[in-house]
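Trainee: structure of the sequence below:
(one chain, ligands or ions: 1)
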Amino acid sequence: MPTATSSTTWRLLQSVTDALLASVLAPTCASCARPLESPTAGPVCERCWSNVRPCVPPQGGGIACRSAGSYEGELRDIIHAFKYEGRRSLARRLAAMMRTAGADVLRDAEYVVPVPLHPWRRFRRGFNQASDLAARLDVPVLHALWRVRLTATQTGLTAAARRRNVRDAFRMSPLLTRAARERLRGRAVVLIDDVRTTGATLDACARVLLDVGCAREVRAVTAAGAPLYPRAADDDNRRGATRARVDLGAASGALVRDGVQRGHPVA
Ligand SMILES: [Zn+2]
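Mentor: Numbering: from 1, shown residues only. Below you'll find the model as predicted:
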């Protein structure tokens, strides 16, 4: 356990390092582009983190899907920096927010399953952002799924087109051992992804886990969820990130094997 003296020394070292980094390298915030006062705290300033808007939970029953924040403004910038600029250190704070926002969904979860990238996209990007997030949620991670089709980007597609785009795109991972598959049987599983828009991808993954993997229940937690208001989505379009409209109805509900909500998309 750190003593008061070591804690003070650490803070002093951190502030000296921050001052040095700020004056020599002058790094800027990945969202607002202002100079970072505490570069050692990460590539996003505290003001931007505090401006992340909460995400309204999907309506329509159940507690199946939670998102740490609304996919707009600062959080959209943060996700883009994480995903497209390789700022992987952002996963730690995003996962902490996911643990808070998804506490009820994660509480009795036995495994978290990251939504997979196609192997080619994973190779090009160098990492799977969903795996980075899943690894920091304090729940055992099972890489149970495999993306078998290199689907077109979901950006700009309608909700119906998104569902067609990811249909049959996922399978149980061929790398999953028989023992691991058995461990999945009858378990409550939480899918992890960076962004939930219409819910098409999470829905497709959940169906595989329920139909093939025999999970008992599938829920989802994402770092960001579709913004509630169309204006935010329009704003998103201008940046070329997504044209998806909010589809709260489609994004709600758990997929419960042979249960009351089977067939409802989760994310
Ligand atoms: Zn900032």
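Trainee: can you pull out the low-pLDDT segments for this structure?
Mentor: In the predicted model, the chain carries pLDDT under 70 at residues 1-5, 18-26, 59-63, 152-155, 213, 229-267.
Trainee: show me where it has its strands.
Mentor: Applying DSSP state E to the chain gives strands spanning 65-70, 111-114, 145-147, 170-172, 188-196, 217-225, 255-256.
Trainee: what's the most buried one of those?
Mentor: Across those, the average number of neighbours (mean count of other CB atoms under 10 Å) peaks for strand 217-225, which reaches a mean of 29. Bear in mind the C-beta positions are built from the backbone N, C-alpha and C, glycine included.
Trainee: and it, what does it pack against?
Mentor: Other elements packing on strand 217-225 under the criterion 3 or more CB pairs under 8 Å, 6 or more residues apart in numbering; DSSP states H and E are strand 65-70, helix 73-84, helix 90-101, helix 103-106, strand 188-196, helix 200-211, strand 255-256.
Trainee: identify whichever of those lies nearest to Ala30.
Mentor: helix 73-84 (3.8 Å; CB to CB).
Trainee: buried set for that closest one?
Mentor: Along helix 73-84, the positions that meet the burial threshold by neighbour count (16 or more other CB atoms under 10 Å) are Gly73, Glu74, Leu75, Arg76, Asp77, Ile78, Ile79, His80, Ala81, Phe82, Lys83.
Trainee: do the same with stretch 83-94
Mentor: So, applying 16+ other CB under 10 Å, buried residues of stretch 83-94: Lys83, Arg87, Leu90, Ala91, Arg93, Leu94.
Trainee: tabulate the helices and strands packed on strand 217-225 in CSV, adding columns for distance to the ion.
Mentor: Shown next, in CSV, are these (distance: least, CB to the ion, whole Å):
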stretch, distance to the ion
strand 65-70, 15
helix 73-84, 7
helix 90-101, 12
helix 103-106, 26
strand 188-196, 19
helix 200-211, 29
strand 255-256, 37
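Trainee: figure out which of those is closest to Arg122.
Mentor: With CB to CB as the criterion, Arg122 lies closest to helix 73-84 of the helices and strands packed on strand 217-225, at 12.3 Å.
Trainee: which secondary structure elements does the closest one sit against?
Mentor: The elements that helix 73-84 packs onto, with contact taken as 3+ CB pairs under 8 Å, 6+ apart, are helix 46-50, helix 90-101, helix 129-134, strand 188-196, strand 217-225.
Trainee: up against the ion, what does the stretch 1-150 of the chain have?
Mentor: With CB under 5 Å from the ion as the criterion, the stretch 1-150 of the chain comes near the ion at residues Cys29, Ser31, Cys32, Cys45, Cys48.
Trainee: quick check, the fourth one in contact with Pro39.
Mentor: No: using CB atoms under 8 Å, Cys45 and Pro39 do not qualify as a contacting pair, with a distance of 9.8 Å.
Trainee: okay, now the domains of this structure?
Mentor: If you go by automatic domain parsing, the domain ranges for the chain are 14-51, 53-256.
Trainee: relative to the ion, how far out is Glu146?
Mentor: In this structure residue 146 is Trp, not Glu. From Trp146 across to the ion, the span is 37 Å (CB to the ion, to the nearest Å).
Trainee: swap that for Thr158, please
Mentor: 33 Å.
Trainee: and what of Arg125?
Mentor: Relative to the ion, Arg125 is positioned 24 Å away (CB to the ion).
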